[in-house]
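In: below are the sequence and a predicted model for it; my questions follow.
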Number of protein chains: 2
Amino acid sequence: MTTLKVVASRAGVSIATAARVLQGDPTLSVRPATRERVMAAANDLGYRPNRVASGLRTRRTGTIALVLPDPQNVAWGETLRGVERAAAGREYVVVVADAHGPTLSAQQLDRFVLEGRMDGLLVAFATIVDELVAQIAGRGLPLVPINSRSTIVDGSVTMDDEAGSRLAVDHLVQLGHRRIGFLAGRADTDVGRRREAGYRAAMATHDLRVDEAWIGAGDFTERRARESADRLLAWSARERPTAIYAVNLPSALGVRAAARALHLRIPDDLSLVTMDDHALLEHMDPALTAVRMPMEEMGALGARMLIDAVEGAPISHVRTSSPPELVIRLSSGPPSA
Amino acid sequence: MTTLKVVASRAGVSIATAARVLQGDPTLSVRPATRERVMAAANDLGYRPNRVASGLRTRRTGTIALVLPDPQNVAWGETLRGVERAAAGREYVVVVADAHGPTLSAQQLDRFVLEGRMDGLLVAFATIVDELVAQIAGRGLPLVPINSRSTIVDGSVTMDDEAGSRLAVDHLVQLGHRRIGFLAGRADTDVGRRREAGYRAAMATHDLRVDEAWIGAGDFTERRARESADRLLAWSARERPTAIYAVNLPSALGVRAAARALHLRIPDDLSLVTMDDHALLEHMDPALTAVRMPMEEMGALGARMLIDAVEGAPISHVRTSSPPELVIRLSSGPPSA
DNA sequence: GTTAGCCAGTACATCGATATACTAAGCCCA
DNA sequence: TGGGCTTAGTATATCGATGTACTGGCTAAC
């Protein structure tokens, strides 16, 4: 392994000079020829600074963590890609942490934060009040919530969830639906609230009543959605909603499973629209109509904001600029008579 | 942030003693009372060793990378989980690297390997001859291929792919199929070869002829599978295969899409069985019959082997112990007359 | 009464890069 | 001719943990 020492001796300069040349220290003055010698030596030897050593001195490891509540949810794939691309552009490495639920385990907190391995955290779960966020922020580690905001830290990146919900509801209304249900997310999350608020606002815009019985409690998981949908769809055909908008993909799959079990055909007996798109939805039975959210952009913006913060820049609330889009497939259609 | 220095001074001992007590150095002799004082101080102060500093000295960062050719393929989710669990059990952190194809980019090689951030690599792509593997192994970095073997490095973890293929073929034969096609993976990969070999061996066992025209060239992607399947299914109903076994999930989706486009019904006109299972397959149109491979176990074994190697243990070829299982869903049925 | 040996620790160099403080040589101007 | 300034670098402490080599005090055996 080539160290700075080797580069310096080959170039016939001190370690300090080699370091400063390679880093482009503007306060250093060197003859062009010397600079060239250092560059050439580094190049010939394939020198790469050891990030562990430099991390010790600079307190910067060039690593950020992306904390996900449920990495098995395929919708995060895009976000991860966005994060990784943005991070790679700045020479950062990304670690994905599975929070196994709404918060980091103590062991994870140790490994990621307390041991100084990470420069910052991109957190996708952030229930609104979270002692963990406080603890991390309190240690001075930059933390950027994505897909939700926190009252505790400054920055965050969110998508236009209200617009997304509106798109779903507008689409169903245009198809002729009036009894439109909602399969909700966790009420203690910012994103869950905003998607629900968007749904209610859109319904209001169309002068449509929202029956609280049409709203299924959920927590973003398929299992919980399935339970709620079982109840929600048990009503008679004239009482139950003719369409359901689900807060995320696992929730939509729960609704689909419940409809199947009750022998309700989609979209004939029930239209289904989900938030979060994915290529696999094309292959589903039926292919699911979805609101495509800018998940990748959110990841990229979040990573950039976090890295900026790590490098000392201020932080602020940002919203993705790409608007949500509706991808119409086969799970939504006109209500049957 | 609590450092060893603080712990030592609080316990009234030297840094060296504090370090050796906390690490359980057996060559150190201390009075129980002193040991207690150190432990108590560390505990009170919530001391956690800084992994960057210790990594500099020990040349061990406690980080491994999992390199995937195509992280968007949902089948890797399980593997990642297995890797992460095994790694967490040994206090290691996992970085997922997207190889964007069959090899690491130069930039990734820099970031992961040359900068000394990783203790080892778990590599899932490994085409059989790979100058990259040679380069990494040549630098002395432990590297364990999973899902394939390499002639260049010693260890590896693979699944029983032959048995998996046999399961798929046996199932189709039992349903009454005789013209069973195969949508292949890359021929220059170990796993692609073994799955194909398993298919051919199983066909031979049943005294079934393999027509080379039934074998679609593939590279594990949906796009390529789609192209091959378009050609493969263009034959007349008496010539084309009545069933296809696909080498992995994206390939199966490609076949499905091609069948759709040709208005072939699954399973009535064409049975489809895929390697790699996932909960989402239950929701597909039609729900896909699949061979469930022990992907999580492979990940866990790989991670353990890699970490053993990092810590100096020898390395060997290992095969997962859990046998593949067939999950019968709706995409496979008897051939139509 | 001396010395070997053990107990209970300590001092210090080290990993590799970085950042601050410093210096030697040369030049200019008074 | 000497003081100051610029140029072109260098010396060294530092980040925090680790590990080897060492030491002072005490006991026990001869």
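Out: Ah, there it is. Residues are numbered from 1 along each chain as shown, chains lettered A, B, ... in the order given.

In: and stretch A:218-227, what's buried?
Out: A:218, A:219, A:220, A:221, A:222, A:224, A:225, A:226, A:227 (16 or more other CB atoms under 10 Å in any protein chain shown). In this view, the C-beta of every residue, glycine as well, is placed from N, C-alpha and C.

In: which single one of those residues is nearest to residue B:251?
Out: residue A:222 (25.7 Å; CB to CB).

In: go ahead and confirm that closest one touches residue A:247.
Out: No. Using CB atoms under 8 Å, residue A:222 is not in contact with residue A:247, being 12.0 Å away.

In: in a markdown table: the buried residues of stretch A:218-227, plus distance to DNA strand C, secondary structure and pLDDT.
Out: Formatted as a markdown table, the buried residues of stretch A:218-227 follow (distance: CB to the nearest atom of the strand, whole Å; DSSP: H, G, I helix; E, B strand; the rest coil; pLDDT from 0 to 100):
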| residue | distance to DNA strand C | secondary structure | pLDDT |
| --- | --- | --- | --- |
| A:218 | 48 | coil | 97 |
| A:219 | 45 | coil | 94 |
| A:220 | 42 | coil | 95 |
| A:221 | 44 | coil | 94 |
| A:222 | 47 | helix | 96 |
| A:224 | 48 | helix | 97 |
| A:225 | 49 | helix | 98 |
| A:226 | 52 | helix | 98 |
| A:227 | 54 | helix | 98 |
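
In: out of those, who's near chain B?
Out: For chain B, no contacts are drawn from the buried residues of stretch A:218-227 by CB under 8 Å from any CB of the partner chain.

In: can you give me the strands for chain A?
Out: A:63-68, A:93-98, A:120-123, A:143-145, A:156-158, A:180-183, A:215-216, A:243-246, A:271-275, A:289-292, A:317-319, A:325-327 (DSSP state E).

In: can I get the third one in PDB, CA atoms only?
Out: Just to be clear, that refers to strand A:120-123. The C-alpha trace of strand A:120-123 is given here as PDB (Å, rounded to 0.1, in the frame of the first residue of the first chain):
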ATOM      1  CA  GLY A 120     -24.100  12.000   9.200                       C
ATOM      2  CA  LEU A 121     -27.400  10.300   9.000                       C
ATOM      3  CA  LEU A 122     -30.200  10.400   6.400                       C
ATOM      4  CA  VAL A 123     -33.200   9.100   8.200                       C
END
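
In: so for the spatially closest residue to residue A:216 that is not a sequence neighbour, what's the pLDDT?
Out: For residue A:216, the nearest residue in space outside its immediate sequence neighbours is residue A:228; the separation is 3.3 Å by CB to CB, 6 or more residues apart in numbering or on different chains. pLDDT recorded at residue A:228 is 98.

In: what residues does the stretch 51-200 of chain A put near DNA strand C?
Out: Within the stretch 51-200 of chain A, the positions adjacent to DNA strand C are A:53, A:54, A:56, A:57, A:58 by CB under 7 Å from any atom of the strand.

In: in a markdown table: the residues you listed, plus pLDDT.
Out: Shown next, in a markdown table, are those (pLDDT from 0 to 100):
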| residue | pLDDT |
| --- | --- |
| A:53 | 97 |
| A:54 | 97 |
| A:56 | 97 |
| A:57 | 97 |
| A:58 | 96 |
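
In: drop anything exposed from those.
Out: Counted by 16+ other CB under 10 Å, those give A:53, A:54, A:56 as buried.

In: among the residues you listed, which ones lie close to DNA strand D?
Out: residue A:56.

In: from the buried ones among the residues of the stretch 51-200 of chain A next to DNA strand C, which land in helices?
Out: A:53, A:54, A:56 (DSSP state H).

In: leaving out sequence neighbours, find the closest residue to the second one.
Out: If the residues on either side of it in the chain are set aside, residue A:54 comes closest to residue A:60, at 7.7 Å by CB to CB, 6+ apart.

In: quick one on the thing from earlier: of the buried residues of stretch A:218-227, which is the nearest to residue A:36?
Out: residue A:220 (57.4 Å).

In: and the helices in the stretch 151-300 of chain A?
Out: Using DSSP state H, counting those that start in this stretch, the helices of the stretch 151-300 of chain A run over residues A:161-174, A:190-205, A:222-232, A:249-261, A:295-310.

In: for the residue nearest to residue A:216, the count of nearby residues, please.
Out: 22 (other CB atoms under 10 Å in any protein chain shown).

In: any idea how far it lies from residue A:331?
Out: 18 Å (CB to CB, to the nearest Å).

In: what residue ranges in chain A score low on pLDDT?
Out: A:126, A:128-129, A:337 (pLDDT under 70).
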